[in-house]
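> Take a look and give me a structure for this.
(2 chains)
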Number of protein chains: 2
Amino acid sequence: MKFYDCITAPSPRRVRIFMAEKGLEIDTVQIDLASGEQFSEAYRKINPDCVVPALQLDDGTCLSEVLAICQYLEELQPEPTLFGQTPSERALVTMWHTKVEQQGLLGMMDKFRNSAKGFKDRALAGPDNYPQIPELARRGRQRVEACHRKLDGQLADSEFLVGDLYSIADITAQVFVDFALRGNVPIPDGADNLRRWYESVSSRPSAKA
Amino acid sequence: MKFYDCITAPSPRRVRIFMAEKGLEIDTVQIDLASGEQFSEAYRKINPDCVVPALQLDDGTCLSEVLAICQYLEELQPEPTLFGQTPSERALVTMWHTKVEQQGLLGMMDKFRNSAKGFKDRALAGPDNYPQIPELARRGRQRVEACHRKLDGQLADSEFLVGDLYSIADITAQVFVDFALRGNVPIPDGADNLRRWYESVSSRPSAKA
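Numbering: from 1, shown residues only, chains lettered A, B, ... in the order given. Down below sits the predicted model:
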């Protein structure tokens, strides 16, 4: 297997944290997003969507999308589970993963890609160019703040997003909160549950991944 | 269990098709999105995100997000599988489901919600109001067209999105193509693979769901 990574980008970091939690070490290739290596002919053959992360299996099959890659790695090495122990726990993990990805991470991507100077015409990742929409950057920030509040509410009564199980949903949320911090959207004042959880997940050895 | 549905909306239809393929019949409650029933206090208690579909389990747990609901139903009734038979097949199903949801369906949602007259300040589903961004409607259409082309390419060499397995990825794509048709974005000329596949999935009894 070969893992296609970029050490500076938030999406592949989710898989790196996942692998660290599992104790998995996989042959890793860095793709230099800053110089546009994701658009090279060689990488397009691996992932025509021109994004990282990607995981190439030994039979040549190429997986992209964080959830798909992590699901495959979970099957490869089930312990410790990061997807849940029972059908309803597993469904709640998928639910929270999806909510944080679509409401939080995509909101933060909107904020970042529609305002960063270096991302002119790169408002969306992928092979096609799309011009920046400044209003979308503003809306992205509002969505990030709404997601912070949602996570704070969910963490009021439980250690992690799904009860006492540390899961892929927490990894997605951790990378979201970190990405927001880097983009100057801090954890809001009074979001004490979110802050307590964030300190907890950030103190795990996997947070260095 | 109780399934919260809205017969006119694309997202819950994905679950209805999934249930039809499994032969599952679940007690169903219609939520009238047109009159704003999703914002009622009663429904907010079931799903604070104020969207359908939702699945309430007998212990009161409420699942939202199509993938989470369908994953739960797959575990409840594994045959016929709509998620795949092997780890790599399952990962490819998740991958294609995610791509079509985020690139196709979310693109079509952008197009529809940012241009429809009745959706002023409702550019995103959920409890918060966001004003329409006309540029986002235009971008949404471009993304739908790009997704059509991507699906056509993927279907050049296989019956369904993941080889010869009809899966939840096909259901997501079918509802995406139908939603685009209703929003005046047809299957493009020359996309013969996509058209052949669309006729095939549309002729299944579950398409009536």
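> When you work out contacts or count neighbours from here on, use the C-alpha atoms and nothing else.
Will do.
> Quickly list the domain ranges of chain A.
A:2-76, A:87-208 (automatic domain parsing).
> Throw the ones you listed into TSV and include mean neighbour count and mean pLDDT, thanks.
Below are those laid out as TSV (neighbours: other C-alpha atoms under 10 Å in any protein chain shown; pLDDT from 0 to 100):
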stretch	mean neighbour count	mean pLDDT
domain A:2-76	18	97
domain A:87-208	19	97
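> Using JSON lines, lay out these together with distance to B:Ser203.
Below are the domains of chain A laid out as JSON lines (distance: least, C-alpha to C-alpha, whole Å):
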{"stretch": "domain A:2-76", "distance to B:Ser203": "29"}
{"stretch": "domain A:87-208", "distance to B:Ser203": "30"}
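> Same list (those) but as JSON lines, adding distance to chain B.
Output for those, formatted as JSON lines (distance: least, C-alpha to the nearest C-alpha, whole Å):
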{"stretch": "domain A:2-76", "distance to chain B": "5"}
{"stretch": "domain A:87-208", "distance to chain B": "5"}
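> for chain A, which helix is longest?
The longest helix of chain A (DSSP state H) is helix A:134-154.
> contacting residues around A:Leu24?
By C-alpha atoms under 8 Å, 6 or more residues apart in numbering or on different chains, no residues touch A:Leu24.
> what's the helix or strand for it?
Taking DSSP states H and E as the definition, one finds A:Leu24 inside no helix or strand.
> How much space separates it from A:Ile17?
Using C-alpha to C-alpha, to the nearest Å, A:Leu24 is found at 10 Å from A:Ile17.
> Next: A:Leu76.
For A:Leu76, the distance to A:Ile17 - C-alpha to C-alpha - is 16 Å.
> do A:Leu136 as well
For A:Leu136 relative to A:Ile17 (C-alpha to C-alpha), the value is 29 Å.
> What are the phi and psi values at the residue lying closest to A:Glu75 once chain neighbours are set aside?
Leaving aside its sequence neighbours, A:Glu75 sits nearest to B:Pro87 (C-alpha to C-alpha, 6 or more residues apart in numbering or on different chains; 6.5 Å). The phi/psi pair for B:Pro87 (degrees, to the nearest 10) reads phi -50, psi -40.
> What of A:Gly126?
The phi/psi pair for A:Gly126 (degrees, to the nearest 10) is phi 120, psi -180.
> got the contact list for it?
A:49-51.
> how about A:Leu82, secondary structure?
The local conformation at A:Leu82, judged by DSSP: H, G, I helix; E, B strand; the rest coil, is coil.
> A:Pro78 is in contact with the residue nearest to A:Glu75, correct?
No. Contact criterion C-alpha atoms under 8 Å: B:Pro87 and A:Pro78 do not qualify, at 11.8 Å.
> helix or strand for A:Val51, which one?
A:Val51 belongs to no helix or strand, assigned by DSSP H and E.
> shouldn't it be in contact with A:Ser40?
No. The criterion here is C-alpha under 8 Å, and A:Val51 misses it with A:Ser40 at 11.2 Å.
> Can you tell me the SS state at A:Lys45?
helix.
> Also the one 10 residues further on?
For A:Leu55, the secondary-structure state derived from three-state DSSP is strand.
> which residues does it bridge with?
Note on A:Leu55: beta-bridge partners by DSSP bridges are A:Phe3, A:Leu63.
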